[in-house]
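S.K.: Sequence and predicted structure, then a few things I'm wondering about:
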There are 2 protein chains.
Amino acid sequence: MPILVMKFGGTSVATLDRIRRAAKRVGVEVAKGYDVIVIVSAMSGETNKLVGYVNETSPLFDAREYDAVVSSGENVTAGLMALTLQEMDVPARSWQGWQVPVKTTDAHASARIEEIPTDNINAKFGEGMKVAVVAGFQGISPEGRITTLGRGGSDTTAVAFAAAFGAERCDIYTDVDGVYTTDPRVCEKARKLDKIAFEEMLELASLGAKVLQTRSVELAMRYKVKLRVLSSFEEQSDEAGTLVCDEEDIMESNVVAGVAHSRDEAKMTLVSVADRPGIAAAIFGPLAEASVNVDMIIQNISEDGRTDMTFSCPTDQVARAQKAIDGIKESGALNFSHLDIDEAVAKVSIVGIGMRSHAGVASKMFKVLSDEGINIKVITTSEIKVSVLVERKYMELAVQALHDAFELEKA
Amino acid sequence: MPILVMKFGGTSVATLDRIRRAAKRVGVEVAKGYDVIVIVSAMSGETNKLVGYVNETSPLFDAREYDAVVSSGENVTAGLMALTLQEMDVPARSWQGWQVPVKTTDAHASARIEEIPTDNINAKFGEGMKVAVVAGFQGISPEGRITTLGRGGSDTTAVAFAAAFGAERCDIYTDVDGVYTTDPRVCEKARKLDKIAFEEMLELASLGAKVLQTRSVELAMRYKVKLRVLSSFEEQSDEAGTLVCDEEDIMESNVVAGVAHSRDEAKMTLVSVADRPGIAAAIFGPLAEASVNVDMIIQNISEDGRTDMTFSCPTDQVARAQKAIDGIKESGALNFSHLDIDEAVAKVSIVGIGMRSHAGVASKMFKVLSDEGINIKVITTSEIKVSVLVERKYMELAVQALHDAFELEKA
């Protein structure tokens, strides 16, 4: 039998009714002749509740205990989904991560999947089971302790299962009906894309489009897993949603595929750093150790042997970053005047494979923002994207203006 | 190091504050020099919520999926308790049932513990860990699926760990400060007992005193585990609560140790059954298969080859019992006139080891009830207890009258 992986996110399994609706979708695919692997998230709100318990109990928690606690929401949904399918006379059973087992690294709270043995589940398919329901987001470390894959990790679980089982496709059911040119809540002209290239999706995901976890897209790209994002709240045809696929499978595309944004960014500048070899390592080594996710890094032109070093990170990591930097200063490893913190910035990015072959995309972006009177604080670019930091209050305006200027409402 | 097992029930871990309070109690015992095994229940209300989900999803659920779902509450508490202890600088870690592993039978939803290997946890004690926090109520079947031990099963987990590890004592922390001569909500003269014999506790537990799961008392009796019941809401001395112990360890005791009651009982009578060998088996075999917990059984004196067969069961099993009996009648295996159902009865029992050596205890009980104008519908007795079914509305009166008559308020 061909295998299909179907993943249902937290909002798609938020209530028993919604689990029933999701189970019906699974039943439709079983009726088409698929053996189905269903990956479930926790009922929406559950994981946040558990994370809240852990943070309140122990602000600097032992990540192994964090994982043991926060993984429990998915176990509940997996069992309930299996029971719902059984009620519909679809032979199903649930697996928790350690039962498969989903073998991961021991990097608790952000583990990576290393191996998914297929024998257990395939044996049950061979015995007539039609649906394996697997708790997403979790695995087991070499030491035998429970691990989790980081927020949104169930997407990664789904793609990893699709790769391991050679699934025909991996359908990600969520509360939106696909990938949009930009966030429809920010720009009402946002248009759903029928297809998007892996590379573009990867940039959009890492730039803050929350529809898919970044790592799941990486994994899909590497293993050529056809990934489809679609809504669990609408009747679906085979062509619904957005297909994330190889560049070659997309006939025509706009130069810019989408505009992404990330609201809660902070910009930190170490002013007047003594400019000598090794200062970047001296700064960013301790930040990495403090688990600060540094995003953009800009070093200004050096004057008189001193320079300014700017970087951005999520606002909720500012305190941690500041503490790490204070530590560096106290240790004497770094000499600088002071630390400037701007917590009122947002990141806006344009993404598109077409940029590779079209000149002037970045300069057009800068002109559009300038015409709106939006000052650009930081710029970074890659082959297929341009990102800027702007004052947070201009974020929506920037997104709308860019969406218009690059005519993203047109297919 | 001597080992102590401490079990905290759902109300004792209902909030993060209560978990902290429980952890402080654990810290006190660690400071005394114990290595401690903490068994935790789910936060109160959690298991009921999960059981509700399962029942709503699938009224005739697959017990394997039921277990996978309802066991998750304990995992949350175990992790949170370990984190709380770590915050107090007490070296601790959590174990879920399958990690120990707590090996059970595959009787899902009411599994029995078969083996608890001690090597994993003892190895960690050897490395300096002071507290092993274990999720109660759960285990793993020979097939590798999650099992649960039935409601109240965490008590049994605690006693089984105490037996396996040769613990000095097993302290059961709950929301009452010990075992009472009767339910204080029913009789305000109820008095806390300092000690009670295993046999008496066993009868009280199985008769509806909900302070301990029956099987945990059986297990404690078999393995001579000193069991103490005490409140997690009061400052505790070493003599607090009630010690459940061998009969020989109790110097003096009343003839009657306690009065138990069970409110939601039903009495069912098969009227005019053809009296021939095998009819009891024909009736109670199918009832057992239908998972009806038949309690009392009375067969009236036979007249003209026909008899009445009466039994009692919890009210919420009446529908199931009725269906099973209809099935027997339809199958032709049994011939009877009709089925009488009385769903408005309650069970009241007196329990005491002293009854063995004192005559007239039962007749005194009957006289007390008669003096109050309470009609006895069914009587059963054992060596150390007498139980009667009475109209439910007289239950409180019966308990109070018996408590007075046997002077249980006096030590």
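M.R.: Structure's in. What do you need?
S.K.: near chain B, which residues of chain A show up?
M.R.: Residues of chain A lying near chain B by CB under 8 Å from any CB of the partner chain: A:16, A:19, A:50, A:53-54, A:56-58, A:61-62, A:64-66, A:68-69, A:71-73, A:75-76, A:78-80, A:82-84, A:86-87, A:93-94, A:96, A:98-99, A:144-146. (Glycine included, C-beta is placed from N, CA and C.)
S.K.: Quick one, which of those are buried?
M.R.: A:16, A:19, A:50, A:53-54, A:57-58, A:61-62, A:64-66, A:68-69, A:71-73, A:75-76, A:78-80, A:82-84, A:86-87, A:93-94, A:96, A:98-99, A:145-146 (16 or more other CB atoms under 10 Å in any protein chain shown).
S.K.: Can you flag which of those residues belong to helices?
M.R.: A:16, A:19, A:50, A:53-54, A:57, A:64-66, A:68-69, A:72-73, A:75-76, A:78-80, A:82-84, A:86-87 (DSSP state H).
S.K.: for the stretch 301-411 of chain A, what spans make up the strands?
M.R.: A:306-314, A:338-351, A:376-382, A:385-391 (DSSP state E, counting those that start in this stretch).
S.K.: Tell me which of these lies nearest to residue B:328.
M.R.: strand A:306-314 (67.3 Å; CB to CB).
S.K.: Return the list of helices and strands in contact with the closest one.
M.R.: strand A:258-274, helix A:279-289, strand A:297-299 (3 or more CB pairs under 8 Å, 6 or more residues apart in numbering or on different chains; DSSP states H and E).
S.K.: Can you name the residue of the stretch 101-250 of chain A nearest chain B?
M.R.: Among the residues of the stretch 101-250 of chain A, residue A:144 lies closest to chain B, at 6.4 Å counting by CB to the nearest CB.
S.K.: right, and that residue touches residue B:98 too?
M.R.: No: contact criterion CB atoms under 8 Å: residue A:144 and residue B:98 do not qualify, at 9.4 Å.
S.K.: Spell out which residues are contacts of both of those two.
M.R.: Common neighbours of residue A:144 and residue B:98, counting by CB atoms under 8 Å, 6 or more residues apart in numbering or on different chains, are residue A:98.
S.K.: how about the helices in the stretch 101-250 of chain A?
M.R.: Per DSSP state H, counting those that start in this stretch, the stretch 101-250 of chain A carries helices over the ranges A:119-126, A:153-164, A:198-206, A:214-223.
S.K.: For those helices, give me a markdown table that also has mean pLDDT.
M.R.: As requested, the helices of the stretch 101-250 of chain A are exported to a markdown table (pLDDT from 0 to 100):
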| stretch | mean pLDDT |
| --- | --- |
| helix A:119-126 | 96 |
| helix A:153-164 | 96 |
| helix A:198-206 | 87 |
| helix A:214-223 | 92 |
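S.K.: Tell me which of the helices and strands packed on strand A:306-314 is the most buried.
M.R.: Among the helices and strands packed on strand A:306-314, strand A:258-274 has the highest mean neighbour count (mean count of other CB atoms under 10 Å in any protein chain shown), at a mean of 21.
S.K.: Now that strand - C-alpha only, CSV.
M.R.: The C-alpha trace of strand A:258-274 is given here as CSV (Å, rounded to 0.1, in the frame of the first residue of the first chain):
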residue,chain,number,x,y,z
GLY,A,258,6.4,36.5,-0.4
VAL,A,259,6.9,39.1,2.3
ALA,A,260,7.7,37.8,5.8
HIS,A,261,7.8,39.6,9.1
SER,A,262,8.9,39.0,12.6
ARG,A,263,7.5,41.4,15.1
ASP,A,264,9.4,40.8,18.4
GLU,A,265,13.0,41.6,17.5
ALA,A,266,15.5,43.6,19.4
LYS,A,267,18.7,45.3,18.1
MET,A,268,21.7,45.4,20.4
THR,A,269,24.8,47.4,19.7
LEU,A,270,28.1,47.2,21.5
VAL,A,271,29.4,50.7,21.0
SER,A,272,33.1,51.4,20.4
VAL,A,273,34.5,47.9,20.6
ALA,A,274,38.3,47.6,20.4
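S.K.: Note down every partner strand of that strand and its orientation.
M.R.: Partners of strand A:258-274 in the sheet, by DSSP bridges, are strand A:306-314 (antiparallel), strand A:338-351 (antiparallel).
S.K.: among the helices of the stretch 101-250 of chain A, which is the most enclosed?
M.R.: Each of those was scored by mean neighbour count; the highest is helix A:153-164, a mean of 28, by mean count of other CB under 10 Å.
S.K.: what's next to that helix, contact-wise?
M.R.: With contacts defined as CB under 8 Å, 6+ apart, helix A:153-164 is touched by A:5-7, A:9, A:37, A:39-41, A:74, A:102, A:113, A:116, A:118, A:134, A:136-138, A:149, A:167, A:169-170, A:172, A:212-213, A:215-217, A:219-220, A:223, A:225, A:227.
S.K.: and chain A, what are its domains?
M.R.: A:3-175, A:259-405 (automatic domain parsing).
S.K.: measure the longest one end to end?
M.R.: Using CA to CA, to the nearest Å, the gap from the first to the last residue of domain A:3-175 comes to 24 Å.
S.K.: do stretch A:96-107 as well
M.R.: 19 Å.
S.K.: Pull out the buried positions in it.
M.R.: In stretch A:96-107, counting by 16+ other CB under 10 Å, buried: A:96-104.
S.K.: which of the residues you listed lies closest to residue A:358?
M.R.: residue A:104 (40.7 Å).
S.K.: give the contact list for the closest one.
M.R.: Residue A:104 sits next to A:111-114, A:139-141, A:147, A:149 when contact means CB under 8 Å, 6+ apart.
S.K.: so what's the closest residue in space to residue A:182 that isn't next to it in sequence up against?
M.R.: Residue nearest to residue A:182 in three dimensions, not counting chain neighbours: residue A:259, with 4.1 Å by CB to CB, 6 or more residues apart in numbering or on different chains. Counting by CB under 8 Å, 6+ apart, residue A:259 touches A:181-182, A:187, A:348-351, A:399, A:402-403, A:406, A:408.
S.K.: Next: residue A:75.
M.R.: Counted by CB under 8 Å, 6+ apart, residue A:75 has contacts A:94, A:96, A:135, B:68-69, B:71-72, B:75.
S.K.: quick one: it from residue A:363, how far?
M.R.: Residue A:75 sits 52 Å away from residue A:363, going by CB to CB, to the nearest Å.
S.K.: do the same with residue A:68
M.R.: For residue A:68, the distance to residue A:363 equals 52 Å [CB to CB].
S.K.: which phi and psi does the residue of chain A most remote from its centre have?
M.R.: The centre of chain A is farthest from one residue, residue A:304, which by CA atoms, centre = their mean lies 41.9 Å away. With angles defined as degrees, to the nearest 10, residue A:304 sits at phi 50, psi 40.
S.K.: May I see the helices of the stretch 101-250 of chain A arranged in a markdown table, with distance to residue B:129 as well?
M.R.: Shown next, in a markdown table, are the helices of the stretch 101-250 of chain A (distance: least, CB to CB, whole Å):
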| stretch | distance to residue B:129 |
| --- | --- |
| helix A:119-126 | 32 |
| helix A:153-164 | 29 |
| helix A:198-206 | 39 |
| helix A:214-223 | 33 |
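S.K.: Pull the contacting residues for the most centrally placed residue in chain A.
M.R.: Among the residues of chain A, the one closest to the centroid is residue A:213, at 2.3 Å (CA atoms, centre = their mean). Counting by CB under 8 Å, 6+ apart, residue A:213 makes contact with A:150-156, A:205.
S.K.: Looking at the residues you listed, point me to the pair that's furthest apart.
M.R.: Across those (CB to CB), the longest gap, 14.1 Å, separates A:154 and A:205.
S.K.: ok, back up a step: I'd like the strands paired with strand A:258-274 as TSV, with mean neighbour count, distance to residue B:163 and mean pLDDT appended.
M.R.: Formatted as TSV, the strands paired with strand A:258-274 follow (neighbours: other CB atoms under 10 Å in any protein chain shown; distance: least, CB to CB, whole Å; pLDDT from 0 to 100):
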stretch	mean neighbour count	distance to residue B:163	mean pLDDT
strand A:306-314	20	50	90
strand A:338-351	20	57	94
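S.K.: Nice, that's everything, thank you.
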